[in-house]
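# A structural model of the following input is requested.
(chains A and B, ligands or ions: 2)
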Amino acid sequence: MYTQSLDLPNTDAGNTDSAGLPTEAAFLARIARDEKIEPQDAMPEAYRKSLIRQISQHAHSEVVGMLPEGNWITRAPSLKRKEILLAKVQDEGGHGLYLYSAAETLGASRDDMIDALHSGKAKYSSIFNYPTDSWADIGTIGWLVDGAAIMNQVPLCRCSYGPYARAMIRVCKEESFHQRQGFDIVRALCEGTPAQKQLAQESVNRWWWPTLMMFGPHDSDSEHSGQANAWGIKRISNDDLRQTFVDVTVPQAAFLGLTLPDPLLEWNAERGHYDFGPLDWDEFWRVVRGDGPCNAERLNDRVEAFEKGRWVREAAVAHAARHAARAVSIASEKIAA
Amino acid sequence: MSTSPESSWSLFEVFIRSKQGLDHKHVGSLHASDAAHAVTLARDVYTRRQEGVSIWVVPSNAITASDPDQRADNFDPMASKIYRHPTFYDIPEEIGHM
Ligand SMILES: [Fe+2]
Ligand SMILES: [Fe+2]
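Ligands and ions are numbered 1, 2, ... in the order given. Alright, predicted model coming up:
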C-alpha cells in the first residue's frame, strides 16, 4: 500500500483542544528530540486523533487495495503469476492488519474503524477507485502504484509514533517484492508481441496520472501537512515525494520502451529534476469524495466480503467456546475422580 | 452493522522466535477467538517469509506494564551507576585483554 489520502480530512474528525494534557510545548520538545511516542505516553488529544485518522485511512487503503488486484487472481496468465499475485494480495491484507493494530494502540476500536469504512464515512487511497481492465494493469499497479506507495511509506518508518513506525518498517520490507513483481509483469509484456507491448503502454497511460495523485494535494493545499510535520508524522512533503517519484520512474519507463502520457515531461538541467504537467485536481477531489469510476463497486465488494465471511468468524467463536467448555468439564471430571 | 463477531474476538500480543537460539520478540498484535486460533493467525500474518521458528501469543490484557509517568523514577537512578559497566575501569595496557 498506499498512503495517499491519509492526510485527507474526515467529516467527523475535528481537532479538539488538548486541555488537561501535558503542554503542547513539552510534547513538541520530545518530538524535536526525535523521541518515539509509545501508546501509554501522554500525548495531545489532537495528535492521537490525527494519528487514528491517518493510520486507519492507511489500513483501509491496504484492505480496499486488495480488490482491484483480486480481480485478476483467477485469470492470471500462468500458475507462477497466480501464485505471485496471491502472495502479493495476501501481503496487503497483512498490511491492513498491522495498521489496524497500530491504530488500536491509540484507543480506536477495530469494529468502529471497519464500520466507518463500510458506511462510506472513512477515506482510503483514491487510486483503488480505478478499474483493472487488463492483465497489464496488475503489472502497472505493482510497478507504479506500489512504487509510489514505497516512496510515501519509507519516511513513515521514522514517524514519531512507535507502533506506526514499526508497522511501516514491516510493511516496507514486503513492498519491494510488490514493485518488482509488477515491473516484471510489465517487462514481460514489453518484451512480448507488439499487441502485448501495446497493452502495457495503454495501461501506463491510464495509471500514470492517478499514481501521481497518490502523493496527495500540493503542499500549499494540504490542510494537515503543517501540523503533521511538527508532530513528526510527515517527514517529506507531498510535492517533494511526487518529484522524486517522477525522477526515478522516467528512466525505468525509458528502459521498458514505454512513454509516459505527459507532453510537458522534460528534464530540467537547472533544477536537476524532471518538469511535468499539471495534475487534474478536479478529478482527484471527485474520486476522493466518492465519484471515481469504482468507488461504489469497491465498497459493495468490501461489505459483501465482510458479510460472506461472517459465518466463519461466528464459527470460530463457537468453536472457541466449545473448546473452553470442554476444558472446564475435563478439569472437573479430574477433580471428581 | 454495529456488533460484528470481532467484538468477541480478543486481542493477543504476538511474539516470534526468529531463529533457534534467539529470544522471542514482540512483533505485533491480532484479534482471535482463542489462543490456539491466535497462533494460527499469527503464523499466517507474521511468518509468511520464514520470519520465525516459534510463536507465542499472550492475551493483551494479561500484560502488566510499568507506568510511563514513573519512567524517570524507575530508570534514571541507573544513569549514575556507571561502575556497573566494565568500561568504568582502567586496565593497564601491559595487562591487555581482561
Ligand atoms: Fe501494502
Ligand atoms: Fe503493496
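# Going by C-alpha atoms from here, please, whenever you check contacts or count neighbours.
OK.
# What number of residues are in the vicinity of A:S220?
10 (other Cα atoms under 10 Å in any protein chain shown).
# And for A:E307?
13.
# Which pLDDT value belongs to residue 78?
No chain was given, so I picked chain A. Looking at A:S78, its pLDDT reads 97.
# Correction: the question concerned chain B.
On the pLDDT scale, B:M78 gets 90.
# again, but for B:H26
95.
# Just the element for it, please.
When elements are assigned from DSSP states H and E, B:H26 belongs to strand B:24-32.
# Would you check how far apart the residue nearest the centre of chain B and chain A are?
What sits nearest the mean C-alpha location of chain B, by Cα atoms, centre = their mean, is B:H26, with 3.6 Å. Distance of B:H26 to chain A, computed by Cα to the nearest Cα, to the nearest Å: 11 Å.
# B:F15 is in contact with that residue, correct?
Yes: counting by Cα atoms under 8 Å, B:H26 touches B:F15, with 4.3 Å between them.
# Which strands border the strand holding B:H26, and is each parallel or antiparallel?
strand B:10-17 (antiparallel) (DSSP bridges).
# Averaged pLDDT, the partner strand. What do you get?
96.
# hang on, the earlier thing: list the contacts for the residue nearest to the centre of chain B?
B:E13, B:V14, B:F15, B:I16 (Cα atoms under 8 Å, 6 or more residues apart in numbering or on different chains).
# In chain B, mark out all the helices, start to finish.
B:35-46, B:71-75 (DSSP state H).
# which regions of chain B sit below the pLDDT cut-off?
Applying pLDDT under 70 to chain B picks out residues B:1-7.
# Tell me which residues of whatever helix or strand A:V312 lives in come out buried.
Counting by DSSP H and E, the element that carries A:V312 is helix A:310-336. Within helix A:310-336, the residues scored as buried using 16 or more other Cα atoms under 10 Å in any protein chain shown are A:R313, A:E314, A:A316, A:V317, A:A320.
# so that helix versus strand B:24-32, what angle?
110 degrees (axes from the mean of the first three to the mean of the last three Cα atoms, to 10 degrees).
# Report whether helix A:310-336 contacts chain B.
Yes: on the criterion Cα under 8 Å from any Cα of the partner chain, helix A:310-336 is in touch with chain B at A:R310, A:R313, A:E314, A:A316, A:V317, A:A320.
# The fourth one and B:S33 touch, don't they?
Yes: in this structure A:A316 lies within contact range of B:S33 using Cα under 8 Å: 5.9 Å.
# Just name the shakiest helix or strand of chain A by mean pLDDT.
Least confident element among the helices and strands of chain A, by mean pLDDT, DSSP states H and E: helix A:225-230 (a mean of 77).
# residues in contact with that one?
A:D7, A:L28, A:D219, A:K234, A:R235, A:S237.
# ok, now stretch A:284-292?
In contact with stretch A:284-292 (Cα under 8 Å, 6+ apart) are residues A:5, A:123-126, A:129-130, A:210, A:213, A:283, A:293, A:295-296.
# May I ask which two of those residues are separated the most?
Spanning the widest gap among the contacts of stretch A:284-292 are A:M213 and A:A296, at 19.8 Å by Cα to Cα.
# Which one's more surrounded, these two?
Neighbour totals were compared for A:M213 and A:A296, and A:M213 leads with 24 against 14 (other Cα under 10 Å).
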